[in-house]
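# what's the 3D shape of this:
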Amino acid sequence: MAQPKRRWSKARTHAKRSTWKKEQPNVATCPHCHEPVLPHRVCGNCGYYDGKQVVAMNETENK
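Coordinates of the predicted model:
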């Protein structure tokens with residue numbers, strides 16, 4: 001049976017082993033404007049978090 005000619009480097013081995021758990025981030029919807037937003041983050045569209053306006057957004061930016 002064939003054998004590998006040389007070893008893989010430690011960096012290559014660690015990079016290969018580190019990617020088994022990667023998955024896409026979960027996306028929630030903002031309860032105020034119904035835009036997709038990452039959980040536990042301020043909405044970039046309306047500036048609301050946990051039902052309160054945290055970041056003041058201009059009306060021109062909002063539209």
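# can you tell me the helix or strand for the most centrally placed residue in the chain?
Centroid-nearest residue in the chain, with CA atoms, centre = their mean: residue 25, separated by 4.5 Å. Per DSSP states H and E, residue 25 falls between elements, in no helix or strand.
# contacting residues around the closest residue in space to it that isn't next to it in sequence?
Counting by CB to CB, 6 or more residues apart in numbering, the nearest residue to residue 25 once its immediate chain neighbours are dropped is residue 38, at 6.1 Å. All C-beta spots, glycine's among them, are computed from the backbone N, C-alpha and C. Contacts for residue 38 (CB atoms under 8 Å, 6 or more residues apart in numbering) come out as 25, 26, 27, 28.
# pLDDT at residue 38, what is it?
For residue 38, the model assigns a pLDDT of 92.
# likewise the one 5 residues further on?
Predicted confidence (pLDDT) for residue 43: 92.
# show me where this structure has strands.
For the chain, the strands defined by DSSP state E occupy 28-29, 36-37, 48-49, 52-53.
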